[in-house]
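# Fold the following for me, if possible:
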Amino acid sequence: MTKKNITRNKLSNKLPKPDARQALLTTRRNAKMARSAHAYVRGNTSKFYEWLDGIEGHALPEGPAIWICGDCHTGNLGPVADAQGRVEIQIRDLDQTVIGNPAHDLIRLGLSLATAARGSDLPGVTTVRMMEAIADGYERAFDEAAGIADIHAEKPEAVRVVMREAVRRSWRHLAEERIEDLEPTIPLGPRFWPLAKSERREIETLFEKGSLARLATVLRGTGDEADVEVLDAAYWVKGCSSLGRLRYAVLLDIDGAAVEGDDLCLIDIKEAAQAAAPRYPGVRMPRDNAERVVEGARHLSPSLGERMRAARLAERAVVIRELLPQDMKLTIEQFTRDEAMKVARFLAMVVGKAHARQMDSAERKAWLTELRRNRSKTLDAPGWLWTGIVELVSSHAAGYLEHCRRYATGRDD
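Reported below is the predicted structural model:
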């Protein structure tokens, strides 16, 4: 046994075993959600829909039946690369995707931005203007008279910064984040925990299937005949919403020859659970949750959808995708007044484009007409959008403080 393997085994013995993961993940999630109101919003999709349904007198317009994100907060948008390496800001997390009401995505985005504005200590007037910017940006995606120039409007500085970084990134950058040493491995530690032998066997068996092996080879043009070998795998401690679900990082070697950057492939395996987002009654969607996620991604974020596959692992539905260096999260925790409006308008336009591409001309026109109805003299945004966000900000603020109380006292009452 090499010195490296001895060190790795010692480290593995100090990290959580599979049967101890759940309690530690719960503690970690509670701590993460207690850090800020915005983190609490991002980690509480089910509460969002419970509180949305509970708003007195709440009535949303019924938009066209399309695939929606279902969890459209700022952290779920960011740079995404397609198979040719082109990078675009798109929706990057589709766990909650369903065929449902596009108004839900707009309100979820508005709540996320309004919470971020409060965290940036911006005045309430700025939040009002942000809601108007959201309405304006979203509507432009449906307005054929606006033209291509408006849809591809200048990106705000916060977006341009992350885009510049994404475009410059290569496999080396991804490897520096995830992989170490000359023999590529996934470094065990706070983010990556050891697997049970049964988990490792199941993952290796999974990539013996030709359809999944091709997911790794297709982006490199190596052809179906290329060998795919699992070099390493680990449990991935990632995100609030994946608590208790299967989540693995898998390192593949594509051709079986000398291991170099171009030969390596980092795969994300994520369990697909039942969506909390409500779907329209009577619509047809894949019954398998992983197939639902992949289908939603193909409609909402084609660059991502073409890099995803649905599969079964340990009798559970999982989504498998290759991680590319350009895939990044758009992190917006603090911004100025000027940035707030620009970011709100741009992100709403991104969501609008994802919705609009699924509609024909008549549907886009009818939805735009609905969006522009019932404007007041004091707010250039739909009344239902403003009312819903005001109520939800209040509900989430109370829920966040209650969560912090339970976390601080170690109680779950």
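# Give the burial count for Asp268, as a bare number.
Other residues near Asp268 come to 18 when the count uses other C-beta atoms under 10 Å. C-betas here are computed from N, CA, C, even on glycine.
# Just list what the longest helix seen in the chain packs against, helices and strands only.
The helix spanning the most residues in the chain, taking DSSP state H as the definition, is helix 383-409. Packed against helix 383-409, as judged by 3 or more C-beta pairs under 8 Å, 6 or more residues apart in numbering; DSSP states H and E, are the following elements: helix 21-34, helix 37-42, helix 45-54, helix 102-119, helix 124-140.
# Just to check, Ala196 is in contact with Ala20?
No. Counting by C-beta atoms under 8 Å, no contact exists between Ala196 and Ala20, whose distance comes to 11.4 Å.
# Find residues that contact each of these two.
Counting by C-beta atoms under 8 Å, 6 or more residues apart in numbering, no residue touches both Ala196 and Ala20.
# Please enumerate the helices of the stretch 101-250 of the chain.
Along the stretch 101-250 of the chain, the segments classed as helices by DSSP state H, counting those that start in this stretch run 102-119, 124-140, 147-151, 157-168, 171-178, 197-206, 210-217.
# for the stretch 301-413 of the chain, same thing?
Using DSSP H, counting those that start in this stretch, helices in the stretch 301-413 of the chain cover 302-305, 337-356, 361-371, 383-409.
# Could you give the bridge partners of the spatially closest residue to Phe192 that is not a sequence neighbour?
Beyond its immediate neighbours in the sequence, the residue positioned closest to Phe192 (C-beta to C-beta, 6 or more residues apart in numbering) is Ala234, lying 3.9 Å away. On DSSP bridges, the residues paired with Ala234 through beta bridges are Ala249.
# I figured Ala234 hits Glu199, correct?
No. With contacts counted by C-beta under 8 Å, Ala234 stays clear of Glu199, the gap being 9.6 Å.
# Can you pick out the residue with more neighbours from these two?
Ala234 (25 against 18).
# who's in contact with that one?
Under the criterion of C-beta under 8 Å, 6+ apart, the contact partners of Ala234 comprise 186, 188, 192-195, 248-249.
# what's the answer for Val237, then?
By C-beta under 8 Å, 6+ apart, the contact list for Val237 reads 25, 28, 190-193, 247.
# among these, which ones are buried?
Neighbour counting by 16 or more other C-beta atoms under 10 Å classes 25, 192-193, 247 among those as buried.
# circling back: specify the stretch among the helices and strands packed on helix 383-409 that is closest to Gln274.
With distances scored as C-beta to C-beta, the stretch of the helices and strands packed on helix 383-409 nearest to Gln274 is helix 45-54 (10.3 Å).
# Let's test this: mean pLDDT of stretch 265-281, rounded?
For stretch 265-281, the mean pLDDT works out to 92.
# and that stretch, how far apart are its ends?
Stretch 265-281 has an end-to-end distance of 40 Å (criterion: C-alpha to C-alpha, to the nearest Å).
# buried stuff in it?
Judged by neighbour count (16+ other C-beta under 10 Å), stretch 265-281 contains these buried residues: 265-273, 275-277, 279-280.
# Just give me the closest of the residues you listed to Trp51.
Using C-beta to C-beta, the shortest approach to Trp51 within the buried residues of stretch 265-281 belongs to Ala276, at 12.0 Å.
# what helix or strand is the closest one on?
Assessed by DSSP states H and E, Ala276 sits outside every helix and strand.
# Low-confidence bits of the stretch 151-300 of the chain, can you list those?
When the per-residue scores of the stretch 151-300 of the chain are filtered using pLDDT under 70, the ranges that remain are 151-154, 157-158, 160-183, 216-226, 239-244, 255-262.
# one more time with 50, if that's ok
151, 181-182, 258 (pLDDT under 50).
# circling back to that earlier point, give me the common contacts of Ala234 and Glu199.
Tyr248.
# before we move on, the earlier item: now that we have the contacts of Ala234, which one has the most neighbours?
Using other C-beta under 10 Å as the neighbour definition, the contacts of Ala234 reach their maximum at Tyr248, which records 24 neighbours.
# Tell me if I'm right that that one and Trp236 touch.
Yes. If you go by C-beta under 8 Å, Tyr248 and Trp236 touch, sitting 5.8 Å apart.
# what's the overlap in contacts for the two?
Taking C-beta under 8 Å, 6+ apart as the criterion, Tyr248 and Trp236 both touch Asp268.
# what's the domain layout of the protein?
By the assignment in automatic domain parsing, the chain contains the domains 3-26+181-322, 35-167+332-409.
# most packed of these?
Using mean count of other C-beta atoms under 10 Å, the stretch among those with the largest mean neighbour count is domain 35-167+332-409, at a mean of 19.
# Relative to Glu208, how far out is the residue nearest to Phe192?
Counting by C-beta to C-beta, to the nearest Å, the gap between Ala234 and Glu208 amounts to 19 Å.
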